[in-house]
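[1] Based on what follows, work out the 3D shape:
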Amino acid sequence: MVSRFRVRALRVPRNIAGIVGAALFVASGVSLVFLVVVDIMQGHADPYVGLFTYMVLPVLAVIGAVLFGLGRLLRNRAMARGEEAASITFFDFSHVESRQSILMITGLIAGAGVFSLSAVGIRSIEYTESESFCGEVCHTVMEPQYTAYQHAPHANVACVVCHVGEGAGSFVRAKLQGMKQVWSVATNSYPRPIPTPIHMGSAEEICQACHWPDRDVGIKPVRRRYYLTEGFEQPWAIEMSVKVGGGTRESGFTEGAHWHMNLDGKVEYAAADEQLQEIAYVKWTTPEGDEIEYLNLDMDSPETYADGAEMHEVDCLTCHNRPAHKFTTPVESLNRMFDNGTLDPDVPGIRWLALEWLAGEYESSEEALTAVDEDLRAGVADEDEEWAAANVAKIDATVVALQNIFARTQFPAMKADWRSYPDNNKHWSSPGCFRCHSGNMASEDGDEISWSCDTCHTIQGQGRQYNGSWSYNPNGLEFVHPSDEEVMEGPVLCHDCHDGTLGY
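    As a prediction, this is how the structure comes out:
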């Protein structure tokens, strides 16, 4: 039996919407297939090919389909009004009369469409979760974070592990937030620098998937050498044991820096600033359920934060706030390169010249890199003209090394450097531990949060090891400041002087 149902011809309405829509859809589809093959063959190496393939072309294809549908709608309405509505015929299936043939053709077309869309959709999701997409597509915006990430201990951990999290809810929230970020980039309305802290998942979800909080790390030996900026020929060395701690109350390990994390109770705090650097109020809920409140006596009306302020529970990210995007200070960067031999500390005036240049403020990276090339050569020549003339190659290597430091740690276009992103995992160039442990946090009955240095570490050796000034005691030493070799008394906050630009 011959069916009365006939397949109509594939026609494109002869109007602007129909023609543009069909052309856009076909061109996008053909380009999409071609670039998917190219991207796969290249191993997804080019982030901009991926951006155009998996984000731009699918959008253009959808726009083309919508325009084509609009053209058909306008054509049908014109025909309903009795007006002539021309169309362009591409394929005529009117000779196909059986239902089986119609279903087969329809099924093949639908199957091919579903397969293509599924493949592109899956690859699109993979691409938007890749490091190249996160760090390279929005190059100016994310260059600081991506560069720091590549030189951090978590460089082999995918961005989405921390910034998206697990589960469908986290995925949807991340994509919605991503749409806002894309819009801010497209409209050039993003802040400079990108503000922190950003809202991610909990430390339990992010950090503790790899780091076991119940493990007792115990005591970690640490040795540091500091190349003093002036006054000494030899570096100042410190040996100490850092009380990392950890474990559980049941095992008896309740001391050290990880004390905050191994309680049956919890520690919470409220801050007076968005970067969580000025702690106004601390509440400790003991394992027995008692609550002890501490107020920052150096602040005006800290009690206002005890009721109604946003509370933050102390977790891994409270102290380890820069685990994958750390921006080292100029003095730390120089000291590290002196210590590993990349920079020669014997270049005349190098400590002050390099520190002054790295601590400067520049409109662009290009301006900064040009400045060091010119200023360092002139400065070394002023210090020792004869040495400079005889060591041109060493000066060239020094310039390159300093330019590499700048390129990894400072980004003028985004106003991103150590000043923008303080590191709470220490107390050197930013408050860090001293946010709470600075001798100014006290409870109503006079109990104070400890500010003693030996709460978390014991200095066992310090001094210059090769001129007789080295001191060592396994039971601990009082900290001696290298500049005058005098014992530091009282709660002395390192970052009050050492802001990242002051030399050792």
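
[2] E83 belongs to a helix, doesn't it?
    No: with DSSP: H, G, I helix; E, B strand; the rest coil as the criterion, E83 is located in coil rather than a helix.

[3] so where's the chain uncertain?
    1-12, 38-51, 54, 84-126, 139, 167-169, 231-232, 247-254, 262-264, 489-491 (pLDDT under 70).

[4] How is the chain partitioned into domains?
    Domain segmentation of the chain under automatic domain parsing yields 10-128, 140-199, 216-323+423-496, 330-414.

[5] mind listing the helices for the stretch 401-504 of the chain?
    Counting by DSSP state H, counting those that start in this stretch, the stretch 401-504 of the chain has no helices to list.

[6] So which residues of the chain form strands?
    Remark: strands assigned in the chain by DSSP state E are 10-13, 87-91, 216-226, 236-246, 266-271, 279-285, 291-296, 312-313, 441-443, 457-463, 471-472, 480-481, 486-487.

[7] Just give the strands next to the last one in its sheet, each with its orientation.
    I take that to be strand 486-487. Using DSSP bridges, strand 486-487 pairs in its sheet with strand 480-481 (antiparallel).

[8] Buried residues of stretch 172-182, list them for me.
    Residues A174 are the ones in stretch 172-182 that count as buried (16 or more other Cβ atoms under 10 Å). The way it works is simple: take the backbone N, C-alpha and C, and place the C-beta from them, glycine included.

[9] before we move on, the earlier item: can you tell which of the strands of the chain is closest to W352?
    Closest approach to W352 among those is made by strand 216-226 (15.3 Å; Cβ to Cβ).

[10] and the angle from the closest one to strand 457-463?
    Relative orientation of strand 216-226 versus strand 457-463 (axes from the mean of the first three to the mean of the last three Cα atoms, to 10 degrees): 30 degrees.

[11] can you tell me how far C138 sits from K415?
    Remark: distance between C138 and K415 (Cβ to Cβ, to the nearest Å) = 16 Å.

[12] Who has more neighbours out of the two?
    C138 (19 against 15; other Cβ atoms under 10 Å).

[13] Quick one: residues contacting that one.
    181, 185 (Cβ atoms under 8 Å, 6 or more residues apart in numbering).

[14] Same check on H325?
    H325 neighbours (Cβ under 8 Å, 6+ apart): 144-145, 148-149, 152, 421.

[15] Filter these down to the buried ones, ChimeraX style.
    The buried residues among the contacts of H325 can be selected in ChimeraX (16+ other Cβ under 10 Å) with this line:
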select :144,145,148,149,152,421
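
[16] could I get the contacts of H325 as TSV with distance to T409?
    What follows is the contacts of H325, written out as TSV (distance: Cβ to Cβ, whole Å):
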residue	distance to T409
P144	9
Q145	12
A148	8
Y149	13
A152	12
Y421	10
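
[17] Among the contacts of H325, which ones are in helices?
    Judged by DSSP state H, helices contain the following of the contacts of H325: 144-145, 148-149.

[18] Quick check: of those residues, which lies closest to P345?
    Of the ones in helices among the contacts of H325, the one sitting nearest to P345 (Cβ to Cβ) turns out to be A148, at 25.6 Å.

[19] so that closest one touches A324, yeah?
    Yes: using Cβ atoms under 8 Å, A148 is in contact with A324, at 7.4 Å.

[20] closest to G349 out of the strands of the chain?
    Closest among the strands of the chain, using Cβ to Cβ: strand 216-226, at 18.4 Å.

[21] Report all helices and strands that the closest one contacts.
    Contacting strand 216-226 under the criterion 3 or more Cβ pairs under 8 Å, 6 or more residues apart in numbering; DSSP states H and E are the following elements: strand 236-246, helix 330-339.

[22] Please identify the deepest-packed of those.
    Ranked by mean neighbour count, the helices and strands packed on strand 216-226 are led by helix 330-339 with a mean of 22 (mean count of other Cβ atoms under 10 Å).

[23] what's the angle between that helix and strand 216-226?
    Orientation of helix 330-339 against strand 216-226 (the same axes, to 10 degrees) gives an angle of 80 degrees.

[24] And the contacts of helix 330-339?
    Under the contact criterion Cβ under 8 Å, 6+ apart, helix 330-339 has outside partners 225-227, 229, 235, 328, 343, 345, 351, 354-355, 358-359, 401, 405, 409, 418, 428-429, 498, 500-504.

[25] Filter those residues down to the buried ones.
    Those of the contacts of helix 330-339 that meet the buried threshold are 226-227, 229, 235, 328, 343, 345, 351, 354-355, 358-359, 401, 405, 409, 418, 428-429, 498, 500-501, 503-504, by 16+ other Cβ under 10 Å.

[26] give the contact list for I219.
    Residues in contact with I219 (Cβ under 8 Å, 6+ apart) are 241-244, 256.
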